[in-house]
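S.K.: Make a model of this:
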Amino acid sequence: MKFVPDFRSLIRSSLLLEFELSLQGEPLIPGLPDDVSLNCLLRLPIDSHTACKAVCKQWHFLFGNKDRFFTLRKKLGFKDPWLFVFAFHKCTGEIRWRVLDLTNFSWHSIPSMPCEDIISPHGISCVSFPHEGALFVCGGMVADVHCPLDLVFKYEIRKDSWTVMKNMNAARSFFASGVIDGMIYVAGGNTADLFELDSAEVLDPVIGNWHPIANMGAHMASYDSAVLNGKLHVTEGWLWPFLVSPRGQVYDPTTNHWENMAVGLREGWTGSSVVVYGHLFVVSDLERMKLKVYYPDTDSWETIRGPPLPEQICKPFAVNAYDNIIYIVGRNLHVAVGYISNLNQSDSSEKKRSFGVQWHVIDGPVLSDLTPSCSQILFA
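M.R.: Residues are numbered from 1 along each chain as shown. Sure thing, here's the model as predicted:
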């Protein structure tokens with residue numbers, strides 16, 4: 001365990017000073033210096049905080065306020081990954097956010113989104129700023145009604161609360177989204193009466209205003225999307241009866257221009273995607289298979305080495321990734337953690353990268369009976 005080198009040097013912060021004053025009299029943990037005790041207590045999983053508050057006055061002060069708790073974690077350099085999953089009960093349609101602490105492997109909940117309407121679990125779009133601990137939920141539709149929404153909500157780990165942001169210019173469901181250079185882009189999707197949109201817009205999350213960008217050139221809803229090489233890639237996916245090749249569009253924010261997606265890329269994009277090592281990986285929705293990766297030089301897909309997705313992970317999937325780790329959430333919120341490895345030797349002269357994967361499964365919450373809709377990784 002790494003300890004803080006000098007706890008007193010951090011007391012300059014007013015928040016830390018307030019906390020230090022609360023420690024006068026009794027130590028945080030008898031027999032341990034307060035800096036060591038604090039370093040230990042800030043590692044406790046969220047689901048234990050309610051019980052911990054009852055231990056003593058100092059612990060109640062620490063665990064009773066999420067803003068204080070996470071500010072202290074940030075001051076002491078904690079950067080642990082959490083997996084946020086937007087899920088729903090298949091029978092009742094009730095929606096909720098569940099969070100998996102990927103360090104302690106424990107689950108907890110966060111407050112409900114401040115929406116007056118009952119939101120459908122389908123059709124929303126989520127993006128995040130992982131190291132800022134911020135999550136954005138855009139659009140979607142009212143449950144049991146084909147009425148798209150223009151709502152935007154922001155969740156911050158530090159505050160453990162939601163903020164209502166300025167609405168999008170157009171109400172959308174089943175649309176593309178992505179973050180490029182700190183800006184949030186949305187494009188296409190369904191509007192009222194299931195008509196498809198060709199419009200797109202961008203949000204500066206600091207200023208909070210949406211602005212239109214170039215139209216897509218095609219009216220289409222999004223099956224999946226990804227940000228690759230600084231460009232937003234949008235695919236409508238294969239549609240039954242699979243007689244027409246799926247359409248795909250690529251947006252370059254530097255030129256404010258859309259172009260058609262390469263044929264091999266859009267025809268082979270048959271599932272949920274993530275970007276790892278600068279390459280696009282897809283988990284197929286059509287069959288249980290191994291991960292496949294796209295090679296732009298040849299406009300082709302190849303299956304990567306390693307075992308297929310573990311059998312415990314059942315469709316529908318919610319897929320996300322950070323660094324070289326992919327997280328696939330299946331039914332009942334069982335999570336497959338895939339460690340993607342670059343198999344090329346450092347001295348290899350091959351230009352084409354080869355990849356492999358190894359899987360580890362984390363069980364979902366007990367008796368959850370939840371189905372995932374989307375997921376995001378945040379650090380806190």
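S.K.: from here on, contacts and neighbour counts on C-alpha atoms
M.R.: Will do.
S.K.: quick one: least confident helix or strand in the chain?
M.R.: helix 14-22 (a mean of 53; mean pLDDT, DSSP states H and E).
S.K.: Can you name the next helix or strand after that helix?
M.R.: Remark: after helix 14-22, the chain's next helix or strand is helix 34-41, criterion DSSP states H and E.
S.K.: Show the average pLDDT along that next one.
M.R.: If you average the pLDDT over helix 34-41, you get 88.
S.K.: can you check stretch 119-126 too?
M.R.: Stretch 119-126 comes out at a mean pLDDT of 93.
S.K.: Tell me which residues are up against that stretch.
M.R.: By Cα atoms under 8 Å, 6 or more residues apart in numbering, the surrounding residues in contact with stretch 119-126 are 86-88, 93, 95, 135-144, 173-177, 373-376.
S.K.: just stretch 356-373 next, same as before
M.R.: Contact partners of stretch 356-373, identified using Cα under 8 Å, 6+ apart, comprise 85-90, 105, 107, 121-122, 304-307, 309-310, 312, 316-318, 329-343.
S.K.: so the residue lying closest to Asp47 once chain neighbours are set aside, which of the three states?
M.R.: Nearest non-adjacent residue to Asp47, counting by Cα to Cα, 6 or more residues apart in numbering: His108, 5.6 Å away. Using DSSP: H, G, I helix; E, B strand; the rest coil, the structure places His108 in strand.
S.K.: With the one 4 residues further on instead?
M.R.: Using three-state DSSP as the criterion, the local structure at Ser112 reads coil.
S.K.: Next, the contact list for it, please.
M.R.: Arg96, Trp97.
S.K.: Output the below-cut-off pLDDT ranges for the stretch 1-150 of the chain.
M.R.: Applying pLDDT under 70 to the stretch 1-150 of the chain flags residues 1-25.
S.K.: rerun that using 80 as the cut-off
M.R.: Residue ranges of the stretch 1-150 of the chain with pLDDT under 80: 1-26.
S.K.: tell me the domain boundaries of the protein?
M.R.: 7-75, 79-110+279-380, 111-269 (automatic domain parsing).
S.K.: related to what we said a few turns ago, for the residue nearest to Asp47, give the beta-bridge partners.
M.R.: Each beta-bridge partner of His108 is listed here: Val99, as defined by DSSP bridges.
S.K.: all helices of the chain, in order?
M.R.: 14-22, 34-41, 49-52, 57-63, 66-75, 263-268 (DSSP state H).
S.K.: can you redo those as JSON lines with mean neighbour count?
M.R.: Listed next are the helices of the chain as JSON lines, based on neighbours: other Cα atoms under 10 Å:
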{"stretch": "helix 14-22", "mean neighbour count": "14"}
{"stretch": "helix 34-41", "mean neighbour count": "17"}
{"stretch": "helix 49-52", "mean neighbour count": "14"}
{"stretch": "helix 57-63", "mean neighbour count": "19"}
{"stretch": "helix 66-75", "mean neighbour count": "17"}
{"stretch": "helix 263-268", "mean neighbour count": "18"}
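S.K.: Output the ones you listed as JSON lines; include the columns distance to His211.
M.R.: Formatted as JSON lines, the helices of the chain follow (distance: least, Cα to Cα, whole Å):
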{"stretch": "helix 14-22", "distance to His211": "37"}
{"stretch": "helix 34-41", "distance to His211": "44"}
{"stretch": "helix 49-52", "distance to His211": "41"}
{"stretch": "helix 57-63", "distance to His211": "40"}
{"stretch": "helix 66-75", "distance to His211": "32"}
{"stretch": "helix 263-268", "distance to His211": "28"}
